[in-house]
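**Student:** here's my sequence, what's the structure:
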Amino acid sequence: MDERSLLRGLFEAAVAAADPAKVVAPHLPSPPPGRTLVLAAGKAAASMARAVEQHWPGELEGVAVTRYGHGVDCERIEVVEAGHPLPDEAGQGAASRFLSAAAGLGPDDLLLFLLSGGASALLVEPQPGLGLTDKRAINRALLEAGAPIAEMNCLRKHLSAIKGGRLAAAAAPARVVTLAISDVPGDDPAVIGSGPTAADPTSCADALAVADRYRVELPDAARTALEQGRWETEKPGAPCMTRTDHVLVARPADALAAASAKAREMGLDVVQLGNDLEGEASEMGAAHAELVRKHGPGTLISGGEATVTISAASGSGGPNGEYLLALAVALDGAPNVHAIACDTDGIDGSADAAGAFIGPYTLARARAAGMDAREMLARHDSYEFFRKLGDLVTTGPTRTNVNDFRAVLIA
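**Tutor:** So this is what the prediction gives:
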């Protein structure tokens, strides 16, 4: 087996470990005496909803909102597609429907909430005094600043009428069971999708600090509300949280474990660097090049969420492409080293590729094609770099999401 096929196989094993068709059914709760309402949000929302339909023993109804192109056919649950990473009117309409439907539940009813990464952007209901345009601008500013996901979601949930436990509050006194596919380092239910049904320990002051740290311009109404503590989220111990349960049905750790097991089956030594790595993608790539130099033959596997701080001269590409380009530059043609980095949802940033490959001859091939790898890295143009080399990994939507997957093979 050639190196690329081997690395692609590891990535596919990671994705398969988080397939909703496999991971949702074992965790379904018992049907309630009353109605079952299914609400789903995130990049895996439609595939999770279909898995529920296929295994639920009784009646159900509901709505799922997912990213454009990530929908699947469901029979009893309506699937809505909306904007990601920037929210749009379709996502706002879905959020409004979620809140209205949840508010109609009684104590004998069940809200089965299916949550996956991407829900923060897909499920948008601004606080009074904020508009969709404001939320889009704030999302864009956080993305371009390279803010870690926990800090992004701290601010986003305080500006939202549905996140930060507010969907659970709308559903009370019904029972709420959340089945979640985690895409965040640490798997905190309050961070995944900004926690629409989870108690939130962060405060308005924390949210304001995030905005100031990343120089995010807030409308006057939002800044005043945060300063006065008027937009607090639902806290641990709140009455609306007494009948809520959260179950993680798939985690980044599960994906890395599956990929590691596959690598060992092929006789490779495996070093897991962690499933929760965060930071600038280019810095991570350079750091991993140093690790490569210290290791003998084997495979270095990692996950988490790298970020890219966008500059005015930025090209196109996501964090996985940027990581690989930085890794290639730092390795400088080191022999017998091959790597893959992909987002498990099939979309690296906003590109139409999941990620890319590199090998010992990546820089030489780039020079032959008239490209300066260091210059393209400096302007964050990894997508164009790998596109011209024919080294992109294109999967289309995987309809799951356990964040980034990286594997470096030292032959």
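
**Student:** list the contacts of residue 402.
**Tutor:** By CB atoms under 8 Å, 6 or more residues apart in numbering, the residues touching residue 402 are 14-15, 17-18, 117, 181-183, 250-252, 254-255, 303, 344. Heads up, the C-betas are built off the backbone N, CA and C, glycines and all.

**Student:** name the residue closest to the centre of this protein, please.
**Tutor:** residue 117 (3.8 Å; CA atoms, centre = their mean).

**Student:** who touches it in this structure?
**Tutor:** So residue 117 contacts 42-44, 181-184, 192-193, 345, 401-403 (CB under 8 Å, 6+ apart).

**Student:** what about the residues you listed, which are in strands?
**Tutor:** The strands, defined by DSSP state E, take in residue 181 from these.

**Student:** tell me the most packed of the contacts of residue 117, by neighbour count.
**Tutor:** Counting neighbours by other CB atoms under 10 Å, residue 44 leads those with 38 neighbours.

**Student:** buried residues in the lowest-mean-pLDDT helix or strand in the chain?
**Tutor:** Of all helical and strand segments in the chain, the minimum by mean pLDDT, DSSP states H and E falls on helix 132-145, at a mean of 92. The neighbour-count check on helix 132-145 (16 or more other CB atoms under 10 Å) flags 132, 134, 135, 136, 137, 138, 139, 141, 142, 143, 144, 145 as buried.

**Student:** check stretch 201-208 too.
**Tutor:** Buried residues in stretch 201-208, counted by 16+ other CB under 10 Å: 202, 203, 204, 207, 208.

**Student:** need the max-distance pair from those.
**Tutor:** Spanning the widest gap among these are 202 and 208, at 10.8 Å by CB to CB.

**Student:** just to revisit the earlier point, nearest to residue 410 among the contacts of residue 117?
**Tutor:** Nearest to residue 410 among the contacts of residue 117, counting by CB to CB, is residue 403 at 23.5 Å.

**Student:** distance check, residue 232 against residue 184.
**Tutor:** Distance from residue 232 to residue 184, counting by CB to CB, to the nearest Å: 22 Å.

**Student:** hang on, I meant residue 306
**Tutor:** Distance, residue 306 to residue 184, using CB to CB: 13 Å.

**Student:** follow-up on the earlier one: which secondary structure elements does the least confident helix or strand of the chain sit against?
**Tutor:** Applying 3 or more CB pairs under 8 Å, 6 or more residues apart in numbering; DSSP states H and E, one finds that helix 132-145 contacts helix 149-158.

**Student:** give the rounded mean pLDDT of the helix it packs on.
**Tutor:** Across helix 149-158, pLDDT averages out at 95.

**Student:** go on, stretch 48-62?
**Tutor:** 97.

**Student:** list the buried residues in it.
**Tutor:** Buried residues in stretch 48-62, counting neighbours by 16+ other CB under 10 Å, are found at 48, 49, 50, 51, 52, 53, 56, 60, 62.

**Student:** stretch 377-393 too?
**Tutor:** For stretch 377-393, by 16+ other CB under 10 Å, it's 377, 380-387, 389, 391-393.

**Student:** can you give me the strands in the stretch 151-300 of the chain?
**Tutor:** In the stretch 151-300 of the chain, the segments counted as strands under DSSP state E, counting those that start in this stretch are 175-181, 244-250, 270-280, 298-307.

**Student:** so which of these comes closest to residue 407?
**Tutor:** Closest of the strands of the stretch 151-300 of the chain to residue 407 is strand 298-307, at 5.0 Å (criterion: CB to CB).

**Student:** roughly how far apart are the residue of the chain most remote from its centre and residue 361?
**Tutor:** The centre of the chain is farthest from one residue, residue 368, which by CA atoms, centre = their mean lies 35.8 Å away. Distance from residue 368 to residue 361, counting by CB to CB: 9 Å.
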